[in-house]
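> coords below, sequence missing:
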């Protein structure tokens, strides 16, 4: 008669830990987080210099604006006191960090096949039944698939794809269009965007989308368990929720 190994009661209760985020994703996440926060703060400081948005090539105090922005409080701007020159310096410096960081992440994501493996959206995921099922899981605060806890859910894939391949490149492109030095080198950028004021409006809209994404992202991290999520983005190790 074969002897049976008794089950380990402590092992049964031990949480399951998996490796969820690679080194490339983790490094870029924190570099990008710092860059986006400083770009948003310095961008609001720049906006306070002329809080009106226009379409077309030109726009000044007496031209009709399609949007008039509020004056943002000092606790949201970089620097806290109004200083357009300093805001522009911070903005330009971290625009370079954002741009080259995104380029490095794109290369790393292709080399490691992170994009193809983790962010590829399949046709069956876009079916109405699949969308509805994923939405119900979100409303119930269940953000991972128990059968494959490492996988991103559909709404995560859609939001990351839109941010990585649409919002961030558009923010960089419109930022290039607003630089006088870049205008001299690549005048066609302003032309395809419809003029300097159109580029400025698109830049502000894109920045607003990124700010909204950041807020929603932080809220979902808190709801999913901030300690576990932040630890996974530092060490790569993620504890699968019960």
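It's in. All figures in this text were calculated on a predicted structure; none of them were measured in a lab.
> Mean confidence (pLDDT) on the helix or strand hosting residue 101, please.
Here residue 101 sits within helix 84-111, counting by DSSP states H and E. Taken as a whole, helix 84-111 has a mean pLDDT of 94.
> Show me which residues of that helix are buried.
87, 90-91, 94-95, 97-99, 101-102, 105-106, 108-109 (16 or more other CB atoms under 10 Å). To be clear about C-beta, it is placed using only N, CA and C from the backbone, and glycine gets the same treatment.
> so for the helix or strand just after it, what's the average pLDDT?
Sequence-wise, the next helix or strand downstream of helix 84-111 (DSSP H and E) is helix 114. Mean pLDDT, helix 114: 87.
> Please, where are all the strands along this protein?
17-19, 52-53, 67-68, 237-239 (DSSP state E).
> Can you say which of these is nearest to residue 136?
Closest to residue 136 of the strands of the chain is strand 237-239 (CB to CB; 22.9 Å).
> Paired strands for that closest one, with orientation please.
Here strand 237-239 is paired, per DSSP bridges, with strand 17-19 (antiparallel).
> Skipping adjacent residues, who's closest to the residue nearest in space to the middle of the chain in space?
When the chain is reduced to its mean C-alpha position, the nearest residue by CA atoms, centre = their mean turns out to be residue 163, at 5.4 Å. The shortest distance from residue 163 to any non-neighbouring residue, by CB to CB, 6 or more residues apart in numbering, is to residue 213 (5.8 Å).
> circling back: now, of the strands of the chain, which is deepest in the fold?
Among the strands of the chain, ranked by average contacts under mean count of other CB atoms under 10 Å, first place goes to strand 52-53 (a mean of 18).
> can you list the strands of the chain in TSV and add distance to residue 217?
As requested, the strands of the chain are exported to TSV (distance: least, CB to CB, whole Å):
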stretch	distance to residue 217
strand 17-19	21
strand 52-53	26
strand 67-68	25
strand 237-239	16
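> Include distance to residue 177 and mean pLDDT when you put those into TSV, please.
Below are those laid out as TSV (distance: least, CB to CB, whole Å; pLDDT from 0 to 100):
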stretch	distance to residue 177	mean pLDDT
strand 17-19	41	84
strand 52-53	15	94
strand 67-68	18	93
strand 237-239	39	87
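> what about residue 161, how many neighbours?
14 (other CB atoms under 10 Å).
> count of residues packed around the spatially closest residue to it that is not a sequence neighbour?
In space, and not counting its chain neighbours, residue 161 is closest to residue 119: 5.9 Å by CB to CB, 6+ apart. Neighbour count of residue 119, defined by other CB under 10 Å: 16.
> Correct me if wrong: residue 119 contacts residue 152.
Yes. Applying CB atoms under 8 Å as the test, residue 119 and residue 152 come out as touching, 6.8 Å apart.
> Name the residues contacting each of those two.
Common neighbours of residue 119 and residue 152 are listed as residue 160 (criterion: CB atoms under 8 Å, 6 or more residues apart in numbering).
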